[in-house]
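**Q** Turn this into a model:
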Amino acid sequence: MCPVNRVDFTLKPIHALHLLPALLTILVMAAFTIDSNDLRHIWNMGESQPETLVTRLWDAAKLTPLAYSFAAVVLAQRYQATLKDEYSHFSNTEPRWLNVLTLGFFVSWSWTTMVHILARYTTPETSNYLGVADNYITFILINGLFTYSLVYAHQLLTTRPEETRAHSEEKPSDSAIDRVRKAMEVDKVYLKHNLNIEQFGAHLELPVKDVSSVINKHFGTNFFEYVNSYRVEEAKRLLSDPEMADKTILDILLDSGFNSKSAFHRFFKRLAGVSPSEYRKEKGLEH
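**A** A predicted model of the protein is given here:
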């Protein structure tokens with residue numbers, strides 16, 4: 001299974017740890033009989049309530065979402081890096097919406113936290129103005145992100161049935177098939193690291209949809225599988241070459257066009273039936 005696939009994600013007991021901040025807040029409020037009025041009017045609490053504790057609760061209420069939004073940005077960047085490693089047809093534009101959303105929420109919570117800190121050093125009246133401004137700016141940011149998501153989803157879901165049907169019924173031309181085959185077998189473009197379908201189409205001087213049509217309909221596979229099948233064959237050739245016996249498995253995978261060890265080992269095992277090391281051993285060239 002591809003490591004970037006999250007279809008089989010299920011909640012586990014350890015995920016309940018994310019509820020700890022909320023549970024701790026409830027326990028503290030119950031233990032010190034802090035109610036919503038105390039949280040809204042810290043400066044009017046009097047001496048009967050632990051003002052410092054309420055302030056810390058507000059600090060936690062602002063910092064916790066900020067920390068989670070920052071973690072979301074980091075995870076989105078890692079996800080993008082994983083896509084680059086795993087998929088030859090990866091395009092930087094594909095996860096753009098995810099980056100926009102995570103960065104947008106991080107900016108929103110950063111602003112809210114900054115306002116919270118500034119309000120501590122101002123008068124109650126100024127603090128109220130900052131709070132109102134924070135509410136309006138947050139409202140604008142959240143609605144902007146929501147609108148962006150809807151527009152992006154609409155672009156993904158909107159299709160033209162007539163065009164799609166006509167294109168699906170159209171057979172790839174012999175010329176396009178020959179150009180794709182030549183690019184792989186003669187030009188060996190699969191040796192290029194991070195090759196994606198846009199770059200492949202530019203090399204062929206063919207539209208991406210035509211390249212995809214040739215690979216899907218004539219060769220019966222997708223671009224990712226098609227390119228990596230050639231890379232595996234190249235790796236098998238290198239692993240069985242006595243002159244390459246001193247090269248490491250890492251050298252072989254890089255020389256054959258892969259840039260990810262996990263993708264290389266997964267595809268090699270699936271297409272060759274054995275691991276790269278076992279294949280080299282079978283050829284009597286174990287390093």
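**Q** burial count for Leu254?
**A** As a burial measure, Leu254 scores 17 neighbours (other CB atoms under 10 Å). Bear in mind the C-beta positions are built from the backbone N, C-alpha and C, glycine included.
**Q** where are the low-confidence patches of the chain?
**A** For the chain, the stretches flagged by pLDDT under 70 are 1-9, 36-51, 82-95, 152-169, 285-287.
**Q** Quick test: name the residue nearest the centre of it.
**A** Centre of the chain computed as the mean C-alpha position; nearest residue by CA atoms, centre = their mean is Tyr79, 3.0 Å away.
**Q** Tell me the spacing between that residue and Gly220.
**A** 29 Å (CB to CB, to the nearest Å).
**Q** Check Phe139 too.
**A** Distance from Phe139 to Gly220, by CB to CB: 51 Å.
**Q** again with Leu103
**A** As judged by CB to CB, Leu103 and Gly220 stand 40 Å apart.
**Q** Counting neighbours, go ahead and name the busier of those two.
**A** Between Leu103 and Gly220, counted using other CB under 10 Å, Leu103 has the larger neighbour count: 16 against 9.
**Q** wouldn't the more buried one be in contact with Val74 here?
**A** No - counting by CB atoms under 8 Å, Leu103 stays clear of Val74, with 11.1 Å between them.
**Q** what's the neighbour count on Val214?
**A** Count around Val214 with other CB under 10 Å applied: 23.
**Q** show me what contacts it?
**A** Pro172, Ala176, Ile177, Val180 (CB atoms under 8 Å, 6 or more residues apart in numbering).
**Q** Setting aside sequence-adjacent positions, which residue approaches it most closely?
**A** Pro172 (4.3 Å; CB to CB, 6 or more residues apart in numbering).
**Q** same check, this time on Phe105
**A** Nearest non-adjacent residue to Phe105 (CB to CB, 6+ apart): Ser69, at 4.6 Å.
**Q** quick one: the one you found and Trp109 touch, right?
**A** Yes - using CB under 8 Å, Ser69 is in contact with Trp109, at 4.8 Å.
**Q** how about the helices in the stretch 1-150 of the chain?
**A** Along the stretch 1-150 of the chain, counting by DSSP state H, counting those that start in this stretch, helices occupy 20-31, 36-40, 51-86, 96-119, 124-157.
**Q** most tightly surrounded among the ones you listed?
**A** helix 96-119 (a mean of 17; mean count of other CB atoms under 10 Å).
**Q** name the helices or strands packed onto that helix?
**A** Counting contacts by 3 or more CB pairs under 8 Å, 6 or more residues apart in numbering; DSSP states H and E, helix 96-119 packs against helix 51-86, helix 124-157.
**Q** Return the residues in contact with Ser110.
**A** Leu66, Ser69 are the contacts of Ser110 under CB under 8 Å, 6+ apart.
**Q** my bad, should have said Leu130
**A** Contacts of Leu130 (CB under 8 Å, 6+ apart): Val115, Leu118, Ala119, Thr122.
**Q** Reformat these as a markdown table; add distance to Thr52.
**A** Shown next, in a markdown table, are the contacts of Leu130 (distance: CB to CB, whole Å):
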| residue | distance to Thr52 |
| --- | --- |
| Val115 | 20 |
| Leu118 | 19 |
| Ala119 | 16 |
| Thr122 | 19 |
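**Q** Nearest to Ser240 among these?
**A** Checking the contacts of Leu130 against Ser240 with CB to CB, the nearest one is Val115 at 65.2 Å.
**Q** Now do the one helix or strand Ala202 maps to: everything it contacts.
**A** Per DSSP states H and E, Ala202 falls inside helix 197-204. Helix 197-204 has contacts (CB under 8 Å, 6+ apart) with 88-89, 91, 176, 179-180, 183, 187, 189, 192, 207-208, 210-212, 223, 227.
**Q** List only buried entries from these.
**A** Those of the contacts of helix 197-204 that meet the buried threshold are 88-89, 176, 179-180, 183, 189, 192, 208, 210-212, 223, 227, by 16 or more other CB atoms under 10 Å.
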